[in-house]
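# I'd like to go over a predicted model; first the sequence, then the structure.
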Amino acid sequence: MVNKYEMFSVKVVGVEQETPLIKRFTLVREDGLELPAFTGGSHIIVQMQEADGRQHSNAYSLMSDPAVTRHYQIGVRLEEKSKGGSAFMHQRVEVGSVLTISTPNNLFAIDPGGQRHVLIAGGIGITPFLAQLHELRASAADYELHYAFRSPEHGAFSADLMASSHAGRAHLYIDSEGKMLDIKALIAGLDDAAHLYVCGPRPLIDAVIETARQFGVADNRVHWEQFAAATSSGHGAFSVTLARSGCELWVEEGMSILQAIEKAKVASVECLCREGVCGTCETQILQGEAEHLDQYLSDDEKVAQKTMMICVSRARGASLVLDL
């Protein structure tokens, strides 16, 4: 396992309440240097330190213009069942706060082979598209955005969007006003040159993926991102053997392999995100097969069953042997 990220300190220079649940944070390097370059769809890992020593690590999409590296902007939704990260950002972070972030990584890039790009956002899923819109316009690409949210007060960044140069290509769908996104009608009208991109709540992502398959849209033309592990199709506990020590652990239902290792204190494993997106806990599989629930490995890598992300992925069978 190799840390694929450089970590550095940033200062918060702006905090804006965009909706009752979403805040925009503007970040600059604490040392005053330019920030690393990034592309639309990139995310960073934000580390937050509690006074008692506890640390939270969350992945957030960069939503600012990739052509501007003086600052980064991220949008953070306060989650109802927060594990601590989003609550920390909303309740503890203010102008002047210092955070540790990673260099950007992109698992949701615009496909250069696409001749037309159809972006579908739900709620906080708008954030990666805001950076991509800058790229698409700069490259004179053919693109359109479809953004659905519950009510006007929950349409984060919609006012900025509709006041921007992208307004003519943006379509808003507001549930409370009876204007709903018709996914079937949208996908049924796609031509063979179009690529679909979706980010938002899991039901929206699943609906887009399933509808695209129903209409014969090739899987390689459908791109999605959600900073949460996929739902496991299996149930129950399983055993994990750490080959280097010979230690066998029992991983209960609802517990991750990483949590089981940390609870037993039998190995040291670095993991920045705990959401299956950063890749830092990638571990070699020696025996058994994984049920891959991450967004980091490619489809081919998941089929190969060589490695797995132990922060979210589980055993497909009764046991696994890992190179730890």
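In hand now; what should we look at? Numbering: from 1, shown residues only.
# max-length strand in this protein?
The residue-count maximum for a strand in the chain (DSSP state E) belongs to strand 7-17.
# list the helices and strands it packs on?
On a contact count with 3 or more Cβ pairs under 8 Å, 6 or more residues apart in numbering; DSSP states H and E, strand 7-17 meets strand 22-29, strand 98-102. From N, CA and C alone the C-beta is placed, and that goes for glycine too.
# among those strands, which is nearest residue 288?
Evaluated with Cβ to Cβ, those place strand 98-102 nearest to residue 288, the distance being 30.5 Å.
# Verify the stated contact: residue 272 with residue 58.
No: using Cβ atoms under 8 Å, residue 272 is not in contact with residue 58, being 9.4 Å away.
# ok, these two, which is more surrounded?
residue 58 (26 against 23; other Cβ atoms under 10 Å).
# Would you quantify the distance from the closest residue in space to the more buried one that isn't next to it in sequence to residue 281?
Excluding its sequence neighbours, the residue lying closest to residue 58 (Cβ to Cβ, 6 or more residues apart in numbering) is residue 85, at 3.8 Å. Distance of residue 85 to residue 281, given as Cβ to Cβ, to the nearest Å: 17 Å.
# Please apply the same query to residue 154.
For residue 154, the distance to residue 281 (Cβ to Cβ) stands at 34 Å.
# quick one: which of those two has more around it?
residue 281 (26 against 19).
# What are the phi and psi values at residue 91?
phi -100, psi -20 (degrees, to the nearest 10).
# wait, what's in contact with it?
Going by Cβ atoms under 8 Å, 6 or more residues apart in numbering, residue 91 touches no other residue.
# list the residues that contact both of residue 272 and residue 58?
The contact sets of residue 272 and residue 58 overlap at residue 45 (Cβ under 8 Å, 6+ apart).
# Would you map out the domains in the chain?
Domains of the chain are assigned by automatic domain parsing as 7-106, 116-225, 238-322.
# Same list, those domains, but as TSV with mean pLDDT please.
Listed next are those as TSV, based on pLDDT from 0 to 100:
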stretch	mean pLDDT
domain 7-106	94
domain 116-225	96
domain 238-322	93
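# Need the three-state assignment for the closest residue to residue 100 other than its chain neighbours.
The shortest distance from residue 100 to any non-neighbouring residue, by Cβ to Cβ, 6+ apart, is to residue 47 (4.2 Å). Three-state assignment for residue 47 (DSSP: H, G, I helix; E, B strand; the rest coil): strand.
# Could you give the bridge partners of residue 47?
Beta bridges link residue 47 to residue 57, residue 100 when assigned by DSSP bridges.
# That one and residue 102: what is the separation?
Distance from residue 47 to residue 102, counting by Cβ to Cβ: 8 Å.
# The two: which has the busier surroundings?
Between residue 47 and residue 102, residue 102 has the larger neighbour count (other Cβ under 10 Å), namely 23 against 18.
# Would you mind confirming that that one makes contact with residue 35?
No: counting by Cβ under 8 Å, residue 102 does not reach residue 35; the two are 11.5 Å apart.
# Check the secondary structure at the closest residue to residue 221 other than its chain neighbours for me.
Of all residues not flanking residue 221 in the chain, residue 195 sits nearest, at 4.8 Å (Cβ to Cβ, 6+ apart). Assigned with three-state DSSP, residue 195 falls in the strand class.
# Okay, and the beta partners of residue 195?
Applying DSSP bridges to residue 195 yields these beta-bridge partners: residue 117.
# which residues sit in contact with it?
111, 113-114, 116-118, 221-223.
# so how far is residue 25 from it?
Distance, residue 195 to residue 25, using Cβ to Cβ: 30 Å.
# Check residue 171 too.
Using Cβ to Cβ, residue 171 is found at 27 Å from residue 25.
# Which SSE is immediately downstream of the helix or strand hosting residue 160?
Element membership for residue 160, per DSSP states H and E: helix 158-162. Heading C-terminal from helix 158-162, the first helix or strand you meet, by DSSP H and E, is strand 170-174.
# Check what contacts that following strand and list those residues.
Under the criterion Cβ under 8 Å, 6+ apart, residues 144-152, 155, 158, 161-162, 179-181 lie in contact with strand 170-174.
# rerun at 7 Å
With contacts defined as Cβ atoms under 7 Å, 6 or more residues apart in numbering, strand 170-174 is touched by 145-149, 151-152, 155, 158, 161-162, 179-181.
# Alpha carbons of stretch 75-82, in PDB - could you do that?
Listed next in PDB are the C-alpha coordinates belonging to stretch 75-82 (Å, rounded to 0.1, in the frame of the first residue of the first chain):
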ATOM      1  CA  GLY A  75     -19.500  22.400  -1.200                       C
ATOM      2  CA  VAL A  76     -20.300  20.400   1.900                       C
ATOM      3  CA  ARG A  77     -23.700  19.000   2.800                       C
ATOM      4  CA  LEU A  78     -24.500  18.500   6.500                       C
ATOM      5  CA  GLU A  79     -25.500  14.800   6.600                       C
ATOM      6  CA  GLU A  80     -28.300  13.700   8.900                       C
ATOM      7  CA  LYS A  81     -26.300  10.700  10.000                       C
ATOM      8  CA  SER A  82     -22.900  12.300   9.900                       C
END
